[in-house]
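**Q** Sequence first, then the predicted structure:
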Amino acid sequence: MQRRHVLAALGAALPVGMLSMRLGAYTREEKDYWKSVLDADAYRILVEEGTERAGSSPLNAEKRAGTYTCAACFLPLFDAGTKYESGTGWPSFYDTLPDAVATKRDFKLIIPRTEYHCARCGGHQGHVFEDGPEPTGLRYCNNGLALHFVPEGESLPDARLPDGAAA
């Protein structure tokens, strides 16, 4: 098969809706808002769908009971009881809180993966894999900079969203 046929076949395999979802996730005003409240590294991960270096998050060593929220809008995403040591270098969880995340297919590494985002603000969290422990068999591999940890007994922060966004 000629190279142009291979490239055409690969291009056809990428759903157009998937590309527009990634590129059109935030308005310019929303991007400006998140840039004003997040540090540069958190913005790169949450808004631009980046990834932090493995082993760099202090949350890897966090062992206390509590809740992990989205670092952007503070929606509760994970109960600390579902966190486990996956050996990957990123905070990992075997389950999310109900209705906390939304998923989409990610083709950035050519091989399709399932990416997940905060269900409220759309902030990129990480990828979910089917190699986790029981009872779900899932591994939500999260960027630590995309999370905010709230120890048990402390109040969860109020929602943080751009003006006009629904909480």
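**A** In hand now; what should we look at? Bear in mind that the values here come from a model prediction, so they are computed numbers and not experimental data.

**Q** Any regions of this structure where pLDDT drops low?
**A** For the chain, the stretches with pLDDT under 70 are 1-24, 106-109, 164-167.

**Q** centroid residue for it?
**A** Gln125 (1.1 Å; CA atoms, centre = their mean).

**Q** so that residue is in which element?
**A** Using DSSP states H and E, Gln125 maps to strand 124-129.

**Q** From the chain's centroid, how far away is that strand?
**A** Distance of strand 124-129 from the chain centroid (CA atoms, centre = their mean, to the nearest Å) equals 5 Å.

**Q** which outside residues touch it?
**A** 45-51, 70, 77, 90, 101, 103, 106, 113-118, 138-143, 146-147 (CB atoms under 8 Å, 6 or more residues apart in numbering). Yep, even glycine has a C-beta here, placed from its N, CA and C like the rest.

**Q** just stretch 28-39 next, same as before
**A** Applying CB under 8 Å, 6+ apart, the contact partners of stretch 28-39 are 26, 43, 46-47, 71-72, 160, 162-163, 165.
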